[in-house]
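Visitor: Show me the folded form of this:
(one chain, ligands or ions: 1)
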Amino acid sequence: MTKPIFISHPIYESSTYGSGHPLAIPRVSLATDLVKALGWLDKTNYIESREATHKELVEFHTTDYIRFLMNAERHPPSETDRVRYNIGINGNPIYPEMYRRPATACGGGQIAADLLMFDEAPCVFNIGGGQHHGLADKASGFCYLNEPVLTIRRLLETGARRVFYLDIDAHFGDGTQLAFHGEDRVYTLSVHEQGRWPQRRGVKAGDPGSVEDRAGGMARNLPVPKGLNDTEFDYLIDTVALVLIKNFAPDVIYLQCGVDALADDPQSKLELSNRAIWRVVDELKQLGLPLLVSGGGGYNPFSVGRCWAGVWAQLNGIEIPTFLNGGAERLLRDVTWHHHKAKSPPDRWFTALADDPNQGPIRGEIYDLAEKSLNN
Ligand SMILES: [Zn+2]
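Guide: From the prediction side, this is the model:
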């Protein structure tokens, strides 16, 4: 058992979803550069990902879909195939690395799983992973392949008896939950903004992602109201997530660490500070179980880069510095982001990792959610 391992790859820097897409911003590459500039990464704790093999990918995805995705990098897909595989439409663009990039995220997950199962690392940050909407035979919600599903399957194959999946992305982790429907070795808990895609507006009791949705028994969902603050989030983590984890007694924990629930993010109406995200990472680490952390959503480069850099600090027990050094600050000042949220950016986007805490009252809806999710 050595130290935490960080997995990334230069492909996250050299490829892009195409201008105008919410993911056409530096995220993984910026966070990786920040941790390097802060002196938190070296040859001994960094592994460059590889692409997942065809054999690894078809553990979940259909052969037809994988073949299509590989070919689509070279030949523009037909209209029929675009519709069939949900690519080239609905926010899932055709771009030059559209197979290699997600396959690299999945390869990172395979490496991470093996490091944990063979006791070579206590925790791993596969920062390019976390594509929780991906379906077996098609893309969904910017996710072409489902890294969490493939990784959890690898964990089970290599000896894990029970895996707990905690998904704190602002969007419902539908693809992962669906893949493990009725699988009693995998417990999934998704905390997400109520009524936001892939949930419908006017979502009803029992619909996917609702607090009543149990996906065959081993799933819980916490659809939270807009404006979620740090105190409310902490409360749900302590009274629901940590309790469910203890009861389930997993061998491994997978944290899908999408950071679009941050107040600075343009894609949700949740209002967390990055301290709340770091606290979850710390709480999970304290449990002393093998811990795999992935990336996920996050659509403000400044908030994503700073939050994920801080996640890595938490995994290593490094104290977050009050101010960034010159190198890290320069990386942030060099980022261009064309969004109205960037018109008068706060200083901390450039000079510090931590946001101000966003504490507040716990609303009645939050208590109700906690109670309902713990009732059998
Ligand atoms: Zn998301």
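Visitor: Determine the longest strand present in the chain.
Guide: Scanning the chain for the longest strand, with DSSP state E as the assignment, gives strand 186-193.
Visitor: Mind giving me the packing neighbours of it?
Guide: Judged by 3 or more Cβ pairs under 8 Å, 6 or more residues apart in numbering; DSSP states H and E, strand 186-193 is in contact with strand 163-167, helix 174-179, strand 219-224, helix 242-248. C-beta coordinates here come from the backbone N, C-alpha and C atoms, glycine included.
Visitor: Would you mind saying which of the ones you listed lies nearest the ion?
Guide: strand 163-167 (9.3 Å; Cβ to the ion).
Visitor: circling back: and the angle from the longest strand of the chain to strand 163-167?
Guide: 10 degrees (axes from the mean of the first three to the mean of the last three Cα atoms, to 10 degrees).
Visitor: Tell me how far strand 186-193 lies from the chain's centre.
Guide: 12 Å (Cα atoms, centre = their mean, to the nearest Å).
Visitor: Briefly note if that strand comes near the ion.
Guide: No: counting by Cβ under 5 Å from the ion, the ion has no neighbours in strand 186-193; the shortest distance is 7.8 Å.
Visitor: Using CSV, list the CA coordinates for that strand.
Guide: Provided in CSV are the C-alpha atoms of strand 186-193 (Å, rounded to 0.1, in the frame of the first residue of the first chain):
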residue,chain,number,x,y,z
VAL,A,186,-23.4,-2.5,-6.2
TYR,A,187,-25.2,0.2,-4.2
THR,A,188,-25.7,3.5,-6.0
LEU,A,189,-26.5,6.8,-4.4
SER,A,190,-27.1,9.9,-6.5
VAL,A,191,-27.4,13.4,-5.2
HIS,A,192,-28.6,15.7,-7.9
GLU,A,193,-30.7,18.8,-8.6
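Visitor: Spit out the contact partners of Ala249.
Guide: Contact analysis of Ala249 by Cβ atoms under 8 Å, 6 or more residues apart in numbering lists Arg162.
Visitor: Look up how far Val243 lies from it.
Guide: Separation of Ala249 from Val243 (Cβ to Cβ, to the nearest Å): 12 Å.
Visitor: same question, Asn90
Guide: With distances taken as Cβ to Cβ, Asn90 is found 37 Å from Val243.
Visitor: got it, and Glu97?
Guide: Applying Cβ to Cβ to Glu97 and Val243 gives a distance of 41 Å.
Visitor: and the residue of the stretch 51-200 of the chain found nearest the ion, how many neighbours does it have?
Guide: Using Cβ to the ion, the single residue of the stretch 51-200 of the chain nearest to the ion is His171, 3.6 Å away. Residues near His171, counting by other Cβ atoms under 10 Å, number 25.
Visitor: Excluding covalently adjacent residues, which one is nearest to it?
Guide: His192 (5.5 Å; Cβ to Cβ, 6 or more residues apart in numbering).
Visitor: Gly305 too?
Guide: Leu30 is the one closest to Gly305 (Cβ to Cβ, 6+ apart), at 3.7 Å.
Visitor: Now that that neighbour has come up, it's in contact with Leu331, right?
Guide: Yes: counting by Cβ atoms under 8 Å, Leu30 touches Leu331, with 6.7 Å between them.
Visitor: Show me the common contact partners of these two, please.
Guide: Gly305.
Visitor: Any stretches of this protein with poor pLDDT?
Guide: The chain contains residues with pLDDT under 70 at 1, 376.
Visitor: Give me the distance between the spatially most central residue of it and Tyr17.
Guide: When Cα atoms, centre = their mean is applied to the chain, the residue found nearest the centroid is Gly296 (2.7 Å). Look at Gly296 and Tyr17: by Cβ to Cβ, they are 15 Å apart.
Visitor: ok, how many other residues are close to Arg201?
Guide: When neighbours are counted by other Cβ under 10 Å, Arg201 comes out with 8.
Visitor: Also Thr16?
Guide: Residues near Thr16, counting by other Cβ under 10 Å, number 17.
Visitor: so who does it touch?
Guide: 23-24, 95.
Visitor: now with 10 Å?
Guide: 23-26, 93, 95-97, 101 (Cβ atoms under 10 Å, 6 or more residues apart in numbering).
Visitor: hmm, which of those residues are the buried ones?
Guide: 24-26, 93, 95, 97, 101 (16 or more other Cβ atoms under 10 Å).
Visitor: Flag every residue of the protein that's near the ion.
Guide: Looking at the ion, the residues of the chain close enough under Cβ under 5 Å from the ion are 169-171, 258, 260, 297.
Visitor: which stretch of helix or strand covers the residue nearest to Gly305?
Guide: If you go by DSSP states H and E, Leu30 is part of helix 28-37.
Visitor: Give the next helix or strand downstream of that helix.
Guide: Following helix 28-37 toward the C-terminus (DSSP H and E): strand 46-48.
Visitor: picking up where we left off before, adding secondary structure as columns, could you present the contacts of Thr16 in JSON lines?
Guide: Listed next are the contacts of Thr16 as JSON lines, based on DSSP: H, G, I helix; E, B strand; the rest coil:
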{"residue": "Leu23", "secondary structure": "coil"}
{"residue": "Ala24", "secondary structure": "coil"}
{"residue": "Ile25", "secondary structure": "coil"}
{"residue": "Pro26", "secondary structure": "coil"}
{"residue": "Pro93", "secondary structure": "coil"}
{"residue": "Tyr95", "secondary structure": "coil"}
{"residue": "Pro96", "secondary structure": "coil"}
{"residue": "Glu97", "secondary structure": "coil"}
{"residue": "Arg101", "secondary structure": "helix"}
